[in-house]
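1. Here is a sequence with its predicted model. Questions after.
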Amino acid sequence: MPSRARRGRATRSFGRLATILLSCFAALAFAAPAARATGPTFYVDESTDFTGNGCQNADLNDVTSSLRSSLVDNGWTGSRFTNSLAWPHDFIEQTFAGQGGLDNVFGDTKTLAVYAGHGNRALLQFGFQRNGRCTITLDGNARLGALAGDDAAYAMWVTSCTVNTDSLSRHFDQQIRQTFGYHNSPPVKDDQPSDFFEETDDLDNAHAWIEEMEDRPGWFTGDNSPITLTFGVDASHCLFVRDNARLRDRVLLADALQPHHNFCFIMFDHGASGC
């Protein structure tokens, strides 16, 4: 099976210790989640071609085509776009003036939002430049689960360093249940995101992500530092979501209660190499 090249930093610093680290922090009336009229849905963008398209970086292997197949095989519906059809604007909040956001049509209209490509702390880098833009920052440009789109409940960033612990506060504006990502710059195997999803049939998302995504391609290649960031209206609710949400088993797929006032995370910490 071909392996994924390291998801490097975007230019500018773009991008069991085997101990599980747990942390819960207070951060603030919540509204009931909106009822979902259809079954579970997904939106995927992936960039693998970063050569000569205005957003130069190392090319990457495909890690979401098998994820899409697993989702569809389990009754999920949605869309997947790659390379020139994967735009930064897909995840930009539509109501933000002058940013050309399209999240109300794409990234924030499905249960699960996914981007695979390059990244850095709270940042995503795409392979093709569009309207002069290659990157977005989550705090500056995105509001998943809120405002115009308001449908995302989970985000998966198969990118370098996007959920590095130094940048956790920059994820707090997303009104979703969980974010899956990396504290380091990870080599990722082609089918790992799909294998993660399949594991959530009987394992909660948080543990399934860190257990599946810790492994690197090949022998004696070290380990990644996967992290699951969970949100809740208070500390007990955060821990409840962390320990019970399961994507494939369709547990807690409704829109997140909001606004959230707490976050908790779980990770395997093998360092932040490449960030």
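-> Arrived safely, thanks for sending. Bear in mind the structure is a predicted one, so any value in this text is a computation, not a measurement. Residues are numbered from 1 along each chain as shown.
2. Near residue 240, how many other residues are there?
-> Counted with other CB atoms under 10 Å, residues neighbouring residue 240 total 14. All C-beta spots, glycine's among them, are computed from the backbone N, C-alpha and C.
3. switch to numbering from 450
-> Done: numbering now begins at 450, and the last item shifts to residue 689.
4. Any regions of the stretch 450-599 of the chain where pLDDT drops low?
-> Scanning the stretch 450-599 of the chain for pLDDT under 70 picks out 450-486.
5. beta partners of residue 605?
-> Taking DSSP bridges as the rule, residue 605 bridges to residue 563, residue 629.
6. Give me the distance between it and residue 663.
-> Residue 605 sits at a distance of 16 Å from residue 663 (criterion: CB to CB, to the nearest Å).
7. Go ahead and flag the most central residue of the chain.
-> residue 605 (2.0 Å; CA atoms, centre = their mean).
8. ok now do that residue, which residues does it touch?
-> 561-564, 628-630, 642 (CB atoms under 8 Å, 6 or more residues apart in numbering).
9. Name the nearest of those residues relative to residue 497.
-> Residue 497 lies nearest to residue 564 out of the contacts of residue 605, by CB to CB, at 12.1 Å.
10. which residues does the closest residue to residue 517 other than its chain neighbours contact?
-> Nearest non-adjacent residue to residue 517, counting by CB to CB, 6 or more residues apart in numbering: residue 529, 4.7 Å away. Residue 529 sits next to 491-495, 513-514, 517 when contact means CB under 8 Å, 6+ apart.
11. Identify the farthest-apart pair in these.
-> Once CB to CB is applied, the contacts of residue 529 give 492 and 514 as the farthest pair, at 14.7 Å.
12. Which one of the two is surrounded by more residues?
-> Ranked by neighbour count (other CB under 10 Å), residue 492 and residue 514 place residue 492 first, with 25 against 15.
13. The more buried one is in contact with residue 561, isn't it?
-> Yes: if you go by CB atoms under 8 Å, residue 492 and residue 561 touch, sitting 7.2 Å apart.
14. Could you tell me which residues touch both of these two?
-> Residues within reach of residue 492 and of residue 561 at once, by CB under 8 Å, 6+ apart, are 527, 601.
15. tell me which element the closest residue to residue 630 other than its chain neighbours falls in.
-> Closest residue in space to residue 630, ignoring its immediate chain neighbours: residue 612 at 3.1 Å, by CB to CB, 6+ apart. Secondary structure assignment for residue 612, by DSSP states H and E: no helix or strand.
16. so how many other residues sit close to residue 612?
-> 28.
17. Could you pull up phi and psi at it?
-> phi -110, psi 30 (degrees, to the nearest 10).
18. Next, find the distance separating residue 551 from residue 610.
-> 25 Å.
19. cool, and residue 661?
-> Counting by CB to CB, the gap from residue 661 to residue 610 is 19 Å.
20. Looking at these two, which has the bigger crowd around it?
-> Comparing residue 661 with residue 610 by other CB under 10 Å, the one with more neighbours is residue 610, at 32 against 21.
21. can you pull out the helices in the stretch 450-599 of the chain?
-> Counting by DSSP state H, counting those that start in this stretch, the stretch 450-599 of the chain has helices at residues 514-522, 587-590.
22. other SSEs contacting the first one?
-> So that's helix 514-522. Packed against helix 514-522, as judged by 3 or more CB pairs under 8 Å, 6 or more residues apart in numbering; DSSP states H and E, are the following elements: strand 490-495, strand 526-531, helix 641-648.
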